[in-house]
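Colleague: okay, structure incoming, though there's no sequence with it:
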């Protein structure tokens with residue numbers, strides 16, 4: 001299964017697990033302008049697990065230096081996840 005969550009994020013699954021990927025556009029070099037998919041969550045047994053690991057990865061990638069920044073970062077991640085729309089791509 002492959003479900004588009006927003007303009008850049010996809011929910012992927014196979015019979016054993018779920019994971020979230022993000023479409024990334026190359027900005028420099030000979031492949032500038034081309035796109036590829038990068039996994040941005042862990043492989044988990046449930047959709048909820050994939051979302052949890054997506055959130056954990058976003059927090060680990062950020063450069064947080066205070067609890068205030070942590071609270072703001074978590075709030076922004078929650079807003080992003082809540083905006084995901086689900087449209088199944090059939091191929």
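Modeller: Structure's in. What do you need? Worth saying up front: this structure is predicted, and the values here are computed from it rather than measured.

Colleague: which residues touch residue 39?
Modeller: 19-21 (Cβ atoms under 8 Å, 6 or more residues apart in numbering). In this view, the C-beta of every residue, glycine as well, is placed from N, C-alpha and C.

Colleague: what helix or strand is the residue of the chain most remote from its centre located in?
Modeller: Within the chain, the residue lying farthest from the chain centre (Cα atoms, centre = their mean) is residue 30, at 25.9 Å. Assigned by DSSP states H and E, residue 30 belongs to neither a helix nor a strand.

Colleague: cool, and residue 24?
Modeller: Assessed by DSSP H and E, residue 24 sits inside strand 18-25.

Colleague: all helices for this structure, in order.
Modeller: Listed in chain order, the helices of the chain (DSSP state H) span 47-61, 67-82.

Colleague: tell me where the model's unsure across this protein.
Modeller: Scanning the chain for pLDDT under 70 picks out 85-91.

Colleague: rewinding a little: dump the helices of the chain into CSV; add mean neighbour count and distance to residue 13 as well.
Modeller: Output for the helices of the chain, formatted as CSV (neighbours: other Cβ atoms under 10 Å; distance: least, Cβ to Cβ, whole Å):
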stretch, mean neighbour count, distance to residue 13
helix 47-61, 15, 8
helix 67-82, 12, 17
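
Colleague: nearest to residue 7, out of those?
Modeller: Closest to residue 7 of the helices of the chain, according to Cβ to Cβ: helix 67-82, at 11.3 Å.

Colleague: that closest one vs strand 18-25, what angle?
Modeller: Using axes from the mean of the first three to the mean of the last three Cα atoms, to 10 degrees, the direction of helix 67-82 lies 100 degrees away from that of strand 18-25.

Colleague: which helices and strands does helix 67-82 pack with?
Modeller: Contacts defined by 3 or more Cβ pairs under 8 Å, 6 or more residues apart in numbering; DSSP states H and E place helix 67-82 against helix 47-61.
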